[in-house]
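Undergrad: quick one, fold the following:
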Amino acid sequence: MVAPPDNDVLRASALHFQHHDGSPALQGVSLGVREGEVLAVTGPRGSGKTSLLRCLAGLDRPQRGEVWFDGVAVHTLGTLARARLRRHRFGWIDPVPVLVPELTVWENAALPLMLRGTGRRRARRAALEWLERLDVDGRARSRPHELRHSERQRVCIARALTVVPSVLFADEPTAPLHRAESAQVLRTLTAAARSHGVTVVLACAGPRRAGLADRTVTLLDGRRVRTLHLPPVAGPAGPAEGAEPAGSAGTEGRPACSLSA
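TA: Below is the predicted model of the structure:
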């Protein structure tokens, strides 16, 4: 095994991963992520975005291929070692907000810090700073059941950023939010990450939500593609968000893609 180049804090090489039912999720995906970069992973539902993030974060182990983080071969680590790596170096945001119901908002946001041994007062101060950035500091003493769905997701984002992780994995973090709110939260997330030197790997469905990233990688059926043009899905509200204009596929609106080398 050869460690990735020094300028790549995270690198995947020829990742293959299958779901429990045997269906392929990743088929030979390779990529590198530079330190401090915001990388967007885009593609339609079922393209392998979540599986890629889970393999990079050590939540799942690929059947074949390698994952390197900061010179460490993540794919060779045992379950406990990967859990320690996630606790101390990674942050994770799910598309569905999950909070501890017995804790207040600020306690939920401060929980990762306190699990690392940070004192309660210092952890509370850090949590409140991030809650303020995400416009939910006014609910700091509330319980999760008292929050709107979108507010719970903002708290989850604050919780992931409170520890200032080396790499933040965000799996469609603004999926529960309305369009305008989604754009605002993504701007806050990416600006905060850049100001603290946090590397971000962001999974998102459409190019509009990927617009704040430094670079975009597109997946289709578990493979990296250079270009992806899908026909718009007509509906009562018009074309779906992120869809390309009709005819952009080059041949009467049919999908077109080309595989990366």
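Undergrad: ok, Val41 - contacts?
TA: By Cβ atoms under 8 Å, 6 or more residues apart in numbering, the contact list for Val41 reads 49, 52-53, 201-204, 216-219. C-beta coordinates here come from the backbone N, C-alpha and C atoms, glycine included.
Undergrad: from Glu132, how far off is it?
TA: 29 Å (Cβ to Cβ, to the nearest Å).
Undergrad: longest helix of this protein?
TA: The residue-count maximum for a helix in the chain (DSSP state H) belongs to helix 179-195.
Undergrad: what does that helix rub up against?
TA: With Cβ under 8 Å, 6+ apart, helix 179-195 has contacts from 36, 38, 130, 133-134, 150, 153-154, 157, 161, 168, 170, 173-174, 177, 198-200, 209, 212-213, 241.
Undergrad: go on, stretch 131-145?
TA: For stretch 131-145, the surrounding residues in contact (Cβ under 8 Å, 6+ apart) are 99-106, 108-109, 127-128, 146-147, 151-152, 154-155, 157-158, 185, 188, 192.
Undergrad: mind doing that once more with 7 Å?
TA: With contact meaning Cβ atoms under 7 Å, 6 or more residues apart in numbering, stretch 131-145 is reached by 99, 101, 104-106, 108-109, 128, 147, 151-152, 154-155, 157-158, 185, 188, 192.
Undergrad: just give the number of residues close to Pro95.
TA: 15 (other Cβ atoms under 10 Å).
Undergrad: repeat that for Gln18.
TA: 16.
Undergrad: contacting residues for it?
TA: Counting by Cβ under 7 Å, 6+ apart, Gln18 has contacts 24-25, 63.
Undergrad: which of the residues you listed ranks first by neighbour count?
TA: Ala25 (25 neighbours).
Undergrad: okay, that one: pLDDT?
TA: For Ala25, the model assigns a pLDDT of 93.
Undergrad: same deal with the one 5 residues further on?
TA: Turning to Ser30, the model gives it a pLDDT of 96.
Undergrad: quick one: secondary structure of the closest residue to Pro165 other than its chain neighbours?
TA: Residue nearest to Pro165 in three dimensions, not counting chain neighbours: Gly91, with 3.6 Å by Cβ to Cβ, 6 or more residues apart in numbering. Assigned with DSSP: H, G, I helix; E, B strand; the rest coil, Gly91 falls in the strand class.
Undergrad: shouldn't Gly91 be in contact with Leu168?
TA: Yes - between Gly91 and Leu168 there is a contact under Cβ atoms under 7 Å: 4.2 Å.
Undergrad: which stretches in the stretch 101-250 of the chain count as helices?
TA: Taking DSSP state H, counting those that start in this stretch as the criterion, the stretch 101-250 of the chain carries its helices at 105-115, 120-133, 149-162, 179-195.
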